[in-house]
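In: What would the 3D arrangement of this be:
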Amino acid sequence: MKKLSGILTLVAFLCAATLTQAQSVDEILKNYFEVVGSPDIWKAKKTMKITGSSENMGMTFPVTVSSMRPNLQKVEVSIQGQQYVEAFDGETAWTINPFMGSTEPSKKTDDETKEAAKQMFEDELIDWKAKGHTLTVEGKEEIDGAETIKLKMVKKSGDEVIYFFDAENYVPIMMRSYVNFGPMKGKAVDVYVSDYQEVGDVMMPLSMEQKVDGQTFMKMKMEKVEFNVPMEKDSFVMPKKD
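Out: Numbering: from 1, shown residues only. This next block holds a predicted model:
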């Protein structure tokens, strides 16, 4: 009788463990969207403008990031009186880089354009199944003293992203992706996010730090975030050369 009781207990435990695993992705995302704002709230946002500062090589520079659905983006950085620009207009990735000897706009490489096209305005966790992505729970890991739950996304494109969700607050405190081309191909890029604050009807991190091999490449502080700011698609298009 004791042996039968023990077997039933084991079976119940295994069933519960299987059920917990099956529900864990949905449960994590349910908690996540309860904190940061529902998918419907985020879907109502068509544009976003961020003003803040970026820290590179021990110096701090003003930065503005403008973005529009589905994947248009423009980053403008003022460096020592000169304007550095990186943008994607939906088809072409381009830049203005005065530190490469020219203030004329120029197209980026095909590989850079492909990567820029993947950077979507909408959170990839929204409607992830419909987008063709897969999500799996990969256990737990401590990040900077905080216990996190690892959620691995394999996108429809094959790219992988690992989200490290704070086990108490259910918001990511780090995301890990991998470089797809160039001399750093295969390297892990860790983006740490913090200072979550309310921005209107949503919650989002206002501090970001990017690291490769433990070395910080870039830090950014967001001082102001505005949604549904009027924008024209033409503002993302590469200017014609003089």
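In: what about the most centrally placed residue in the chain, helix or strand, and which?
Out: Central residue of the chain (Cα atoms, centre = their mean): Met175, 6.9 Å from the mean position. Element membership of Met175, judged by DSSP states H and E, is strand 172-178.
In: Walk me through which strands that strand pairs with, and which way each runs.
Out: With DSSP bridges as the test, strand 172-178 is paired with strand 160-166 (antiparallel), strand 188-199 (antiparallel).
In: most neighbours per residue, which of those?
Out: strand 160-166 (a mean of 20; mean count of other Cβ atoms under 10 Å). C-beta here means a position set from N, CA and C on the backbone, and glycine is covered the same way.
In: which residues are contacting that strand?
Out: 28, 32, 124-125, 138, 141, 143, 146-155, 171-178 (Cβ atoms under 8 Å, 6 or more residues apart in numbering).
In: so where is the chain shaky, pLDDT-wise?
Out: 1-23, 242 (pLDDT under 70).
In: which residues of it fall in strands?
Out: 47-56, 59-68, 72-79, 82-88, 93-96, 106-107, 134-143, 146-154, 160-166, 172-178, 188-199, 202-212, 215-227 (DSSP state E).
In: Quickly note the distance from the nearest residue to the residue nearest to the centre of the chain once chain neighbours are set aside to Thr60.
Out: The shortest distance from Met175 to any non-neighbouring residue, by Cβ to Cβ, 6 or more residues apart in numbering, is to Val191 (4.9 Å). Distance of Val191 to Thr60, given as Cβ to Cβ, to the nearest Å: 19 Å.
In: now Glu198
Out: Taking Cβ to Cβ, one finds Glu198 at 25 Å from Thr60.
In: do Ile173 as well
Out: Going from Ile173 to Thr60 by Cβ to Cβ gives 23 Å.
In: cool, Tyr84 as well?
Out: To Thr60, Tyr84 is 14 Å away according to Cβ to Cβ.
In: between these two, which one's more packed in?
Out: The neighbour comparison of Tyr84 against Thr60 (other Cβ atoms under 10 Å) goes to Tyr84, with 20 against 11.
In: Show me what that one bridges to in the sheet.
Out: Assessed by DSSP bridges, Tyr84 has beta-bridge partners Val77.
In: if I pick it, what's in contact with it?
Out: 76-78, 95-99.
In: buried subset of those residues?
Out: Using 16 or more other Cβ atoms under 10 Å as the burial test, those include 76-77, 95-97 as buried.
In: Check the gap between Ile41 and Asn31 for me.
Out: 16 Å.
In: Please apply the same query to Lys129.
Out: 18 Å.
In: quick one, which of the two is more surrounded?
Out: Shown here are Lys129 and Asn31; by other Cβ under 10 Å, Asn31 has more neighbours (15 against 9).
In: out of everything not next to it in sequence, what's closest to that one?
Out: In space, Asn31 is closest to Tyr170, 3.7 Å off (Cβ to Cβ, 6+ apart).
In: Does the one you found touch Tyr32 like I think?
Out: Yes: taking contacts as Cβ atoms under 8 Å, Tyr170 lies within contact range of Tyr32: 5.0 Å.
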